[in-house]
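Student: predicted model and sequence below, questions to follow.
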Amino acid sequence: MSVPIVPCLWFPDCAEEAMEFYCSVFPDSRILSIERYPDESLDEHFKGMSGKVLTGADQAELDHYWSNLSASPDHEQCGWLKDRFGVSWQIVPANLGELMTGPAQTQALMQMKKIVIDDLVNAG
């Protein structure tokens, strides 16, 4: 079963580049909306931000995107990774709860970076 995700991410810069990257990774994803900062002449708080992305969202299906997202092997543990924009993701199988049948599976998971389903099934 595919689960749609709708992230709402904040970036100090490169927001549009990040949104386009994530859409290239997840099939059938799309940018639903982009709101840009107003003209800086309208409010001094937006100085230098005119036209930059304020908010946006995309939707995607997520199963096996480890190789596309992982950019920092030092930050990988138990299915968690960090992408090139510094966003942490946990990439887990939909049936992870069913795979975690005892202490041996927990111990195996704790030793993994990327989750390997066969290793969880064969743990013990």
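Tutor: It's in. If you're wondering where the values come from, they're calculated on a predicted model, not measured in any experiment.
Student: so residue 16 sits against residue 34, correct?
Tutor: Yes: the pair residue 16 and residue 34 qualifies as a contact (CB atoms under 8 Å) at a distance of 7.2 Å. Placement of C-beta: from N, CA and C, glycine included.
Student: average pLDDT for the longest helix seen in the chain, rounded please.
Tutor: Looking across the chain with DSSP state H, the single longest helix is helix 15-25. For helix 15-25, the mean per-residue pLDDT is 89.
Student: check which residues of that helix are buried.
Tutor: Of the residues in helix 15-25, 15, 18-19, 22-23 count as buried by neighbour count, 16 or more other CB atoms under 10 Å.
Student: TSV please, covering those and showing distance to residue 113.
Tutor: Formatted as TSV, the buried residues of helix 15-25 follow (distance: CB to CB, whole Å):
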residue	distance to residue 113
15	28
18	23
19	27
22	21
23	26
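Student: max pairwise distance over these: which two?
Tutor: The most widely separated members of those, counting by CB to CB, are 15 and 23 (12.7 Å).
Student: hang on, the earlier thing: tell me what the longest helix of the chain is packed against?
Tutor: For helix 15-25, the packing partners by 3 or more CB pairs under 8 Å, 6 or more residues apart in numbering; DSSP states H and E come out as strand 30-36, strand 53-61.
Student: what's the weakest-modelled helix or strand in the chain?
Tutor: The helix or strand of the chain with the poorest confidence is strand 53-61; it has a mean of 38 (mean pLDDT, DSSP states H and E).
Student: flag the shaky bits of the protein, pLDDT-wise.
Tutor: Residues of the chain meeting the criterion pLDDT under 70: 1-10, 33, 35-56, 58-64, 94.
Student: again, only this time at 50
Tutor: 54-56, 58-63 (pLDDT under 50).
Student: what are the boundaries of the strands in this protein?
Tutor: Counting by DSSP state E, the chain has strands at residues 4-5, 30-36, 53-61, 80-82, 88-90.
Student: great, nothing more from me.
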